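>>> below are the sequence and a predicted model; questions follow.
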Amino acid sequence: MIGKKLSLKADVIVGIGDLSKMTGVSTRQLRYWEEKGYIQAVPSKKNTTRKYKFEMSYKVQAIKRYLDQGYTLAKSVEQAEELRKKFEIWKKFIMDKVEKVEIVDAENDYGIIDLGDLEGDQNKRVYGVVDENGCHFEVRRQPDMDK
């Protein structure tokens, strides 16, 4: 077991009471959502406390957020699933394109994200900038490598 990485997504399991406390959704409501197939517990023996993968807390929080905004339960589940898919796309992009993150001002959480060469032009690089002006992109010319 030494050296094994723990994954919040795959390895951390929480009971229904903990999930309820983490999300602000009652255990009764969680059981109803499970009965409807909107959330899934980890398979277990009969007559044991329901357990959930930690990642289910994200889905429950998203469903609750949409319910609080006035969506129906079915529409909230649909919106939560769409949000999950969008996050997966975002994660793929970030994992593929972010080359380096430089902290410019740790106190204010300002920094520069290197997104690599501008497509089709290796003389220009794209950066995501977070500074006092908010978040924006910059395209910067690469210094001449010939000199």
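In hand now; what should we look at?

>>> all strands for the protein, in order.
13-15, 51-53, 100-105, 110-118, 121-131, 134-141 (DSSP state E).

>>> which one of those is the most hemmed in?
Mean neighbours per residue, mean count of other CB atoms under 10 Å, is largest over the strands of the chain for strand 51-53, with a mean of 20. In this view, the C-beta of every residue, glycine as well, is placed from N, C-alpha and C.

>>> how much space separates the spatially most central residue of the chain from Ala62?
Residue closest to the mean C-alpha point of the chain, counted by CA atoms, centre = their mean, is Phe87 at 5.7 Å. Distance, Phe87 to Ala62, by CB to CB, to the nearest Å: 10 Å.

>>> next one: Gly70
From Gly70 to Ala62 the distance is 15 Å (CB to CB).

>>> do Gly17 as well
From Gly17 across to Ala62, the span is 20 Å (CB to CB).

>>> higher neighbour count, those two?
Ala62 (20 against 12; other CB atoms under 10 Å).

>>> separation between the closest residue to that one other than its chain neighbours and Gln40?
Using CB to CB, 6 or more residues apart in numbering and skipping the chain neighbours, the partner closest in space to Ala62 is Ala80 (3.7 Å). Taking CB to CB as the measure, Ala80 falls 13 Å from Gln40.

>>> ok, back up a step: out of the strands of the chain, flag the one nearest Tyr66.
Nearest of the strands of the chain to Tyr66, taken as CB to CB: strand 51-53 at 19.0 Å.

>>> parallel or antiparallel, list what pairs with the closest one.
strand 13-15 (antiparallel) (DSSP bridges).

>>> what's the average pLDDT for the partner strand?
For strand 13-15, the mean pLDDT works out to 94.

>>> other residues contacting that strand?
22, 42, 49-54, 57 (CB atoms under 8 Å, 6 or more residues apart in numbering).

>>> so the longest helix belonging to the chain versus strand 121-131, what angle?
Ranked by residue count, the top helix of the chain under DSSP state H comes out as helix 73-97. If you take axes from the mean of the first three to the mean of the last three CA atoms, to 10 degrees, helix 73-97 sits at 130 degrees to strand 121-131.
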